[in-house]
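>>> Mind looking at a prediction? Sequence and model below.
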Protein chains: 2
Amino acid sequence: MCEDANAIPPTGGFKEVGEATNRNIQQNPYGPNPADFLSNVSNFELIESTLREGEQFANAFFTTEKKIEIAKALDDFGVDYIELTSPVASEQSRKDCEAICKLGLKAKILTHIRCHMDDARVAVETGVDGVDVVIGTSQFLRQYSHGKDMNYIAQSAVEVIEFVKSKGIEIRFSSEDSFRSDIVDLLNIYRTVDKIGVNRVGIADTVGCANPRQVYDLVRTLKSVVSCDIECHFHNDTGCAIANAYTALEGGAKLIDVSVLGIGERNGITPLGGLMARMIAADRDYVLSKYKLHKLRDLENLVAEAVQVNIPFNNPITGFCAFTHKAGIHAKAILANPSTYEILNPSDFGLTRYIHFANRLTGWNAIKSRVDQLNLHLTDDQCKEVTTKIKKLGDVRALNIDDVDSIIKNFHQDVSSPVIMPSGGTKFEDFDFLDGDLSNKRQHI
Amino acid sequence: MCEDANAIPPTGGFKEVGEATNRNIQQNPYGPNPADFLSNVSNFELIESTLREGEQFANAFFTTEKKIEIAKALDDFGVDYIELTSPVASEQSRKDCEAICKLGLKAKILTHIRCHMDDARVAVETGVDGVDVVIGTSQFLRQYSHGKDMNYIAQSAVEVIEFVKSKGIEIRFSSEDSFRSDIVDLLNIYRTVDKIGVNRVGIADTVGCANPRQVYDLVRTLKSVVSCDIECHFHNDTGCAIANAYTALEGGAKLIDVSVLGIGERNGITPLGGLMARMIAADRDYVLSKYKLHKLRDLENLVAEAVQVNIPFNNPITGFCAFTHKAGIHAKAILANPSTYEILNPSDFGLTRYIHFANRLTGWNAIKSRVDQLNLHLTDDQCKEVTTKIKKLGDVRALNIDDVDSIIKNFHQDVSSPVIMPSGGTKFEDFDFLDGDLSNKRQHI
């Protein structure tokens, strides 16, 4: 059970479909909601954390060279910020941070530290454009992680923030496990740090379990308390990280933490590619103006190889079947207009759509289209007849494109130039394919 | 780049962590929202569609035997309904449908057909408990798929529904591409079919792009129009299928369509496992009372093998790293109380959590815990010292558990029984591991 989802097309028969000329979506029901006057759906920024959160992924070990390669690729893609592991995590982490700061990338470079002066003093010397500070504010983390109370947290935050600001670089203050923190404590500390001038405050669903309406409520409330930007960080333990990010933007958050393929602690955070899928459906022009989407696939492959995972078969956009249409009624409509069953345009990502017609769920429209592609001529009734034959074989076993082409070509030969066969002579039948040597058979056609 | 995510543990050193006895979550901020008086978060049902939607997955070809094996496994897991491919899709599809109906499963068996009497007449003869009828209602599908207007749709719907009801079996009417359909047309036809007594109406995000707040609004509105149950079907093109399902339940939907691993058209629909993760975080008692979660992994493996895909590395619950904790501050807190960084309890799924301590992000609490596991005795200061050594090697290359154990054991030997070494004598140093023969070195310890 091993599959390189990037290299191979799906099994079975597929056919590329050209762009329909009439691909005009008159309205976009998935766009920004006009009622959300604070929405940043058309004005969001990305904090790319493959080199911080992603380094916390179980399989991740990035050499300096690999970090630089990934940072350059992220910059080329167009991310707004690149977040790096704390320079106090290890000596090499500090050196790598310095090295990436010296690359002269367009993206701003951040490092992510605990809310502590020991960390801050090291961070500001690395050359970063900004520092992301985090501290656990939930009862759980206060009790079992750092053991500090909210007063201590506030004091540390003020000290660290003023120090980082004095160095003239950006500062973000984030709570950790925000959704299990006391709402009053949380708003209190956010207002405190906003008043002393942080660039951003962060909300973090550290355990990965917030749900969208909860996110919307918290962001909207926070938006009424602070004047700085709001950043959000969502883990994906219960599969809501993309939806939560989108809903946070609707509520007025401006920045979303992402990583390539979502790699991070446990099963990770909001994935860059998945969020791109979500956002391009909402505001295609904005997304295309900022990000080089056709580089997404290479970027994902780069990181997947570095951490030794496969691209998930069902990955948004780049999963091997993301643009594959199979059922008969789907194929029929896609052939008429791709927008019927596609909200994303594969060509925006440098990808292609497929119609899977070699299976028992196929329909005669898909087969007729294949007949045309083969430059053969059959009437609609004949297409329906040959479709029945294909479905019959598809009931018996998995088909590939050669099976279908052979059935079509044989059928075409039979109907266009009937051969008078001697009584008892063999005739090419569908089920000959089952055990026969297909390649020899094809030569006869 | 090939990995069997089911069989192997993550690379690097990990350690199982016992259940904390104080795992008490005093409050559940992820539970049902008391303000949602129509919410079915604690009262939902599953329509499992691996054998219908899942058959539309590019790689799917299920033999009769495999269909029966999957149906039995789904039934054992506890799903409420099992949905099967239309009996008119092919001759074998009809026979398979009949065979599964005869199994005498606890789950109700459904088949999924177009809104047409030709299909309905065949469906009611298969022995199913219910029929799921679908028709495209969006402008796109009306124009490019079936070419019918809303009056025609309503007439067909009434005819099919009354026919199916006359046979004494359940009937669901669903629109297709509901979120791009005219809201007035949509509510109109739902009210019509509700009045003539359908069991359920269905909302389908066929192109996979609805967002949660949009879902909530539509479900709430529909809830005010019909008295029957509401079923929802979400594709995952933009990664929101789990969140949309949850939000639909909050808005008053009762049934969610799922498939194992989410397999279906394109990149699929709401996955069974991911939805279980989402729902157990909201109402653990309800989920555990209905579904055998410890069978999830086997069920996913069964289907993954049948359609020849790997379990995605980042799959909720069963992804190889879903319960792996790596960063130092995470590990420290997890050791004190797993609820700090886990909203899901791996033992609910028959799984285990891991602390990844063999890497440069490790912390001394994790190492101290490993020291205890090895039955060695080091002070806290000594643990910090050996942690520094481990992080130093972790800066140079990826580590595995043997590396860390060797460093610890060597360090322990040095500090507990100092050996007087001749001047110039070699001493076991961290970096000896880099090129040396590790297995020989370990024997000396």
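Everything's here; your move. Numbering: from 1, shown residues only, chains lettered A, B, ... in the order given.
>>> And the pLDDT for the nearest residue to residue A:124 once chain neighbours are set aside?
The shortest distance from residue A:124 to any residue other than its chain neighbours is 4.5 Å, reached at residue A:167 (Cβ to Cβ, 6 or more residues apart in numbering or on different chains). C-beta here means a position set from N, CA and C on the backbone, and glycine is covered the same way. Predicted confidence (pLDDT) for residue A:167: 97.
>>> Against residue A:121, how distant is residue A:167?
Separation of residue A:167 from residue A:121 (Cβ to Cβ, to the nearest Å): 10 Å.
>>> got it, and residue A:244?
Distance of residue A:244 to residue A:121, computed by Cβ to Cβ: 34 Å.
>>> Neighbour count for these two, which is higher?
More crowded of residue A:244 and residue A:121, by other Cβ atoms under 10 Å in any protein chain shown: residue A:244, with 34 against 15.
>>> Check whether the more buried one really touches residue A:211, as I assumed.
Yes. The pair residue A:244 / residue A:211 is scored as a contact, 7.4 Å apart, by Cβ atoms under 8 Å.
>>> Now do the shared contacts for these two.
When contacts are counted by Cβ atoms under 8 Å, 6 or more residues apart in numbering or on different chains, residue A:244 and residue A:211 are jointly contacted by residue B:243.
>>> packing partners for the helix or strand where residue A:245 lies?
Using DSSP states H and E, residue A:245 sits in helix A:241-251. Judged by 3 or more Cβ pairs under 8 Å, 6 or more residues apart in numbering or on different chains; DSSP states H and E, helix A:241-251 is in contact with strand A:200-205, helix A:212-223, strand A:229-234, strand A:255-258, helix A:272-282, helix B:212-223, helix B:241-251.
>>> Dump those into JSON lines; add distance to residue A:295 and mean pLDDT as well.
Formatted as JSON lines, the helices and strands packed on helix A:241-251 follow (distance: least, Cβ to Cβ, whole Å; pLDDT from 0 to 100):
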{"stretch": "strand A:200-205", "distance to residue A:295": "26", "mean pLDDT": "97"}
{"stretch": "helix A:212-223", "distance to residue A:295": "29", "mean pLDDT": "96"}
{"stretch": "strand A:229-234", "distance to residue A:295": "24", "mean pLDDT": "98"}
{"stretch": "strand A:255-258", "distance to residue A:295": "15", "mean pLDDT": "98"}
{"stretch": "helix A:272-282", "distance to residue A:295": "11", "mean pLDDT": "97"}
{"stretch": "helix B:212-223", "distance to residue A:295": "29", "mean pLDDT": "96"}
{"stretch": "helix B:241-251", "distance to residue A:295": "26", "mean pLDDT": "98"}
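>>> Point out the most buried one among the ones you listed.
The highest mean neighbour count among the helices and strands packed on helix A:241-251, using mean count of other Cβ atoms under 10 Å in any protein chain shown, belongs to helix B:241-251: a mean of 30.
>>> Show me how far that helix is from its chain's centre.
The chain centroid and the centroid of helix B:241-251 are separated by 14 Å under Cα atoms, centre = their mean, to the nearest Å.
>>> Need the CA coordinates for it. CSV is fine.
Taking Å, rounded to 0.1, in the frame of the first residue of the first chain, the C-alpha atoms of helix B:241-251 are listed here in CSV:
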residue,chain,number,x,y,z
ALA,B,241,-16.5,19.6,5.5
ILE,B,242,-16.0,18.7,9.2
ALA,B,243,-16.6,22.2,10.5
ASN,B,244,-19.6,22.6,8.2
ALA,B,245,-21.1,19.4,9.5
TYR,B,246,-20.7,20.5,13.1
THR,B,247,-22.1,23.9,12.5
ALA,B,248,-25.1,22.3,10.6
LEU,B,249,-25.8,20.3,13.7
GLU,B,250,-25.7,23.4,15.8
GLY,B,251,-28.2,25.0,13.5
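>>> nearest to residue B:36, of the helices and strands packed on helix A:241-251?
helix B:241-251 (5.0 Å; Cβ to Cβ).
>>> Leaving out the residues flanking it, which one is nearest to residue A:376?
Using Cβ to Cβ, 6+ apart, the nearest residue to residue A:376 is residue A:412, at 4.7 Å.
>>> Look up how far residue A:405 lies from that neighbour.
10 Å.
>>> Quick check: phi and psi on residue A:171?
phi -140, psi 130 (degrees, to the nearest 10).
>>> Around chain B, pick out the residues from the stretch 51-200 of chain A.
Within the stretch 51-200 of chain A, the positions near chain B by Cβ under 8 Å from any Cβ of the partner chain are A:55-59, A:61, A:85, A:89-93, A:114, A:136, A:139-141, A:143-145, A:177, A:179-180.
>>> Show the buried residues in those.
Buried subset of those (neighbour count, 16 or more other Cβ atoms under 10 Å in any protein chain shown): A:55-59, A:61, A:85, A:89-90, A:92-93, A:114, A:136, A:139-141, A:144-145, A:177, A:179-180.
>>> tilt between the helix holding residue A:245 and strand A:229-234?
Note on geometry: by axes from the mean of the first three to the mean of the last three Cα atoms, to 10 degrees, helix A:241-251 and strand A:229-234 are set 160 degrees apart in direction.
>>> Show me the helices in the stretch 301-445 of chain A, by range?
Here the stretch 301-445 of chain A has its helices, by DSSP state H, counting those that start in this stretch, at A:328-336, A:364-373, A:380-396, A:401-416, A:432-435, A:438-444.
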